[in-house]
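Novice: Predicted coordinates and the sequence they were generated for:
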Amino acid sequence: MNPLFFSVLFLAFSVLARAATPAEQELSDLQQRIDDAVAAGDSAFLQDAYAGDFRFKHGTGLVDNKESWLKSVEKNQGNFLSRAHSDVEAEIHGDVGLVAGKLKVVRKDNHGYLLDYVRAFVRRDGRWQMIMHRTVVQQNF
């Protein structure tokens, strides 16, 4: 095998193995709390967690703003068994946080899907709010 390949592979694993900073961990934890709230239909928590200018582009191409997404969450309350994150990577750039990862969604009707996503957060008044979620790849199972 090519030594350059092994160098790049080593560098990639080194970056992935880096411990998250407290702010990066805070974002990772927050987004799991957000998805737990989506599953539970906790509109009060979500009202604060999403910024007023929140935008959600689904893997289907549908685009929601904060109001339309919260209506969808309310309509689908009780339909989700779980919404669990994996392979999460977070970056902090001042008051902007970027998060990428996978989200496994399981519904009560046994329909599920796995999303690759990118999310953006802003820190306003000392707290993080999600301003954007974009599904990059969606696979149904």
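Specialist: Ah, there it is. Numbers count the residues shown, from 1 in each chain.
Novice: for the longest helix anywhere in the chain, packing partners?
Specialist: In the chain, assigned by DSSP state H, the helix with the most residues is helix 22-40. Judged by 3 or more Cβ pairs under 8 Å, 6 or more residues apart in numbering; DSSP states H and E, the packing partners of helix 22-40 are helix 43-49, strand 80-93, strand 96-107, strand 112-124, strand 127-140. The C-beta positions use only the backbone N, C-alpha and C, and glycine is treated the same way.
Novice: pretty sure residue 91 is touching residue 24, no?
Specialist: Yes. In this structure, residue 91 is within contact of residue 24 by Cβ atoms under 8 Å, at 7.1 Å.
Novice: The residue nearest to residue 135 when sequence neighbours are not counted: what's it in contact with?
Specialist: Spatial nearest neighbour of residue 135, chain neighbours left out: residue 59 (3.8 Å); criterion: Cβ to Cβ, 6 or more residues apart in numbering. Residue 59 is in contact with 113, 115, 135-138, counting by Cβ atoms under 8 Å, 6 or more residues apart in numbering.
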